[in-house]
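Asks: here are the coordinates; sequence isn't available:
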């Protein structure tokens with residue numbers, strides 16, 4: 001209880017100080033130093049988003065794919081695949097961080113082992129390119145820590161954003 005009161009008192013003093021400076025026309029010291037946006041900054045709107053991003057973590061508006069179960073690896077540069085559009089062949093998505101093993105193709109084809117959906121739309125993934133083979137629906141907000149539980153560990157080769165599981169068309 002004491003800690004809560006101290007924190008609240010500190011917040012009030014900070015607010016009073018900032019208001020006092022604003023009334024005098026001065027900017028607080030913290031306003032003088034601009035902090036850079038984090039590497040995985042959320043796009044301002046879907047129009048600002050690009051259909052695929054390799055980043056250090058999940059981005060709002062995307063489905064994030066991880067090479068290993070339990071949402072790993074993450075934190076390193078370009079280790080997480082963020083998709084928000086249809087891709088008919090994951091063999092075309094390079095893996096510059098080599099999180100997929102890179103033994104043969106150096107791509108994300110047959111690589112994903114877990115995912116988190118931060119999209120407001122459904123996404124379908126397939127075991128084969130061109131949206132063929134076995135399908136799996138990913139719903140908005142869905143997290144799958146082990147794609148192997150659904151028979152999809154290291155087998156995703158294409159995806160489609162939108163409703164319906166027929167082919168890669170975006171209808």
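Replies: Cool, got the structure. It should be emphasised that the depicted structure is a prediction, and the values quoted were computed from it without experimental measurement. Residues are numbered from 1 along each chain as shown.
Asks: per-domain residue ranges of the protein.
Replies: Per automatic domain parsing, the domain ranges recorded for the chain read 2-32, 46-161.
Asks: List just the one of those that sits closest to residue 167.
Replies: domain 46-161 (5.1 Å; Cβ to Cβ). To be clear about C-beta, it is placed using only N, CA and C from the backbone, and glycine gets the same treatment.
Asks: What's the local residue count around residue 90?
Replies: Per other Cβ atoms under 10 Å, the neighbour tally for residue 90 reads 25.
Asks: Helix, strand, or coil at the closest residue to it other than its chain neighbours?
Replies: Take residue 90 and drop its neighbours on the chain: the residue closest to it by Cβ to Cβ, 6 or more residues apart in numbering is residue 109, 4.3 Å away. Of the three states, residue 109 takes coil under DSSP: H, G, I helix; E, B strand; the rest coil.
Asks: Contacts only, for residue 109.
Replies: Contacts for residue 109 (Cβ atoms under 8 Å, 6 or more residues apart in numbering) come out as 89-91, 93, 129, 156-157.
Asks: Equivalent analysis for residue 155, please.
Replies: So residue 155 contacts 110, 127, 134 (Cβ under 8 Å, 6+ apart).
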